[in-house]
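In: I need the structure of the sequence given here:
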Amino acid sequence: MDNREVCDKLNKLIKLDVDAVNAYKQAIDACTMEEIRSTLVQFQDDHQRHIRDLSQQVRLFGGEPEVETSWAGFLIEGFTAITSQGDHSALVAMRGNEELTNRTYEAALNTQELPVDVRSLLERNFSDEQRHLSWIKDQLDARVWERKAA
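Out: This is a model prediction of the structure:
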């Protein structure tokens, strides 16, 4: 895998994380339960860290980080804004977004010729994504928004 291919793969992930940061903003704004809001803020911070770390790797491989929102990102952000009308719907929207990030990171890790340091970074980021999705699913299974209504 040459440097250009590495940069292309990393830039695809950067755009995905930029899209996630924007979607999290919409979901955070829709939430009323502080426990959910604060955890989603932490997850948004993880995505911002991913952007910084991935951007650093792109520069090390001679590329320029692509940190703008993609067209898909505008759609994801819009969908999240439309569907995030409270804690439950925000969690449902973010479950879909995190399923996408999990699939995309997993696909990137299935690339055979990744440099060792890049693979290590992607594994750390993927671990964050798995943790995000697991927490969101747990909250949905526990129906935490009903505690507030009770």
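In: Heading C-terminal from the worst-scoring helix or strand of the chain on mean pLDDT, find the next helix or strand.
Out: Here the helix or strand of the chain ranked lowest by mean pLDDT, DSSP states H and E is helix 71-83, holding a mean of 52. Once helix 71-83 ends, the next helix or strand along the chain (criterion: DSSP states H and E) is helix 87-109.
In: Give me the most central residue, the chain.
Out: A20 (4.2 Å; C-alpha atoms, centre = their mean).
In: ok, and the closest non-adjacent residue to that one?
Out: Nearest residue to A20, sequence neighbours excluded (C-beta to C-beta, 6 or more residues apart in numbering): H47, at 4.4 Å. All C-beta atoms are positioned from the backbone trio N, CA, C, and that covers glycine.
In: where does E123 land on pLDDT?
Out: For E123, the model assigns a pLDDT of 99.
In: err, L16, not the other one
Out: 93.
In: Could you do D29 as well?
Out: 90.
In: chain center to whichever strand or helix holds it, what's the gap?
Out: Counting by DSSP H and E, the element that carries D29 is helix 3-30. Between the centre of helix 3-30 and the centre of its chain there are 6 Å (C-alpha atoms, centre = their mean, to the nearest Å).
In: so after that helix, what's the next helix or strand?
Out: Taking DSSP H and E, what comes next after helix 3-30 is helix 34-60.
In: who does that next one touch, helix- and strand-wise?
Out: helix 3-30, helix 87-109, helix 116-142 (3 or more C-beta pairs under 8 Å, 6 or more residues apart in numbering; DSSP states H and E).
In: same thing but 10 Å
Out: Contact here means 3 or more C-beta pairs under 10 Å, 6 or more residues apart in numbering; DSSP states H and E; on that basis helix 34-60 packs against helix 3-30, helix 87-109, helix 116-142, helix 145-149.
In: Mind listing what's buried along it?
Out: For helix 34-60, burial by neighbour count (16 or more other C-beta atoms under 10 Å) applies to 36-37, 39-40, 43-44, 46-47, 50-51, 53-55, 57-58.
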